[in-house]
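Enquirer: below is the sequence, then the predicted model.
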Amino acid sequence: MTCDDLRRAVHEQPEHSVLPEAAAREHLDACALCRAWSSSIRSTIRALETAQIPAMPLDFSRSLAPALVRARRERLARRWRWAAAVLVLIASTAGGWQIGRLLMVRESAPPADGQSTAQTMQIVPGQTPARVVPASLGR
Amino acid sequence: MNLLKRPRTGERTNRTALVRAAQAGDERAFRALVGEVQERLWQVARRLCGDDDRAADLVQESLIRAFRALPRLREPERFMPWLLRILNHLATDMLGGRQADSLEELAESGFEPLADASRSPEALAEAAGLGEVIDRALGRLPMAYRQPLVLRHVLDLSHDDMAQILDLPVGTVKTRLFRGRELLREQLLKEGIRP
């Protein structure tokens, strides 16, 4: 086992307490540099794991409450905006379809008496206007 | 010593139920969830940031983002890794640019050793200074090396979990952990500690 192999083996160790292989142990016994290095790495890890972390300065579950209310309102507002946008889209599509229908009627063959289709259509509230079939289609 | 352990099966089931309730819009469930995980988040954030104010901002912002994104979480049982992922991404955005970004920069930066050098870690711990020394030493490491160190040695996470949280292949995580420990050891030496 080389010095590099040993270093890799030490780092692969989950708890860095016991070396996995007899070969590693043998290398450590023979190499003073690696022995010092291995001990130094273990102390570094121990220092990192035992160093105290200051206590939490605040209870986030409480301090978060206003932010959550804000976030919820934003989410609701966003949903309403979407709903409004979809409604506008539907309305405009339906309106467009109606306009399209009227235009189709206008562009079709005019009645024999020369009056425009729009003039001949009687739109009664609450009643679907009668479909005007262009003369070219027969019937 | 590991400061935090993974939740036991019963705790995890309870947490999953809370996550599902929070996903359905129960704000109280989300706050209960925060109460459960905040200590762990704080430990990670505090170690990554090195000071209370920035760590509190990081935790708060991570939780708000999590609340907003919660309905999109597909695996409620993976809530904690998902939350840690948000926190780590945010930490990279918040702190990544302020630290040494490369090993070359780190090598060039250098810093003054403490006057009373060559004390053992135990002696410093007795003086309650080890936490500060570790904060300073970690703060000198690029974020790419600091994150695996903290996830591994503060939260005791597995390589697989770390890889998922950091969006990295397992091999890269191991390499960074390896280099991170070496760099931390060097920084502690510079701080005047002989690990």
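Expert: Thanks, I have it.
Enquirer: confirm for me that residue B:60 is in contact with residue A:64.
Expert: Yes - judged on Cβ atoms under 8 Å, residue B:60 makes contact with residue A:64 at a distance of 6.8 Å. In short, each C-beta sits where N, CA and C put it, glycine included.
Enquirer: between these two, which one's more packed in?
Expert: residue A:64 (23 against 17; other Cβ atoms under 10 Å in any protein chain shown).
Enquirer: quick one, helices of the chain?
Expert: Using chain A. Assigned by DSSP state H, the helices in chain A fall at A:3-12, A:22-30, A:32-50, A:60-63, A:65-107, A:117-120.
Enquirer: that was the other one, I meant chain B.
Expert: Going by DSSP H, chain B shows helices at B:9-23, B:27-49, B:52-69, B:79-95, B:103-109, B:121-126, B:130-139, B:143-153, B:159-166, B:170-190.
Enquirer: pick out the shakiest of the ones you listed, pLDDT-wise.
Expert: For these, the weakest mean pLDDT is recorded on helix B:103-109, namely a mean of 48.
Enquirer: the nearest residue to residue B:169 once chain neighbours are set aside: how many residues sit nearby?
Expert: Closest residue to residue B:169 apart from its sequence neighbours, by Cβ to Cβ, 6 or more residues apart in numbering or on different chains: residue B:163 at 6.3 Å. Per other Cβ under 10 Å, the neighbour tally for residue B:163 reads 18.
Enquirer: show me what contacts residue B:163?
Expert: B:169-170, B:172-173 (Cβ atoms under 8 Å, 6 or more residues apart in numbering or on different chains).
Enquirer: ChimeraX command for the buried members of these?
Expert: Typed into ChimeraX, the line below selects the buried ones among these, using 16 or more other Cβ atoms under 10 Å in any protein chain shown:
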select /B:173
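Enquirer: out of the contacts of residue B:163, which comes closest to residue A:56?
Expert: Nearest to residue A:56 among the contacts of residue B:163 is residue B:173, at 27.5 Å by Cβ to Cβ.
Enquirer: my guess is that closest one meets residue B:157, correct?
Expert: No - with contact defined as Cβ under 8 Å, residue B:173 and residue B:157 do not form a contacting pair (9.8 Å).
Enquirer: residue B:81: how many residues sit nearby?
Expert: 16.
Enquirer: chain B contacts on chain A?
Expert: Proximity of chain A to chain B (Cβ under 8 Å from any Cβ of the partner chain) is limited to residues A:7-8, A:11-12, A:40-41, A:43-54, A:56-65, A:67-68, A:71-72, A:75.
Enquirer: show me which of these are buried.
Expert: By 16+ other Cβ under 10 Å, the residues of chain A next to chain B give A:7, A:11, A:40-41, A:43-48, A:50-51, A:53, A:56, A:60-61, A:63-64, A:68, A:71 as buried.
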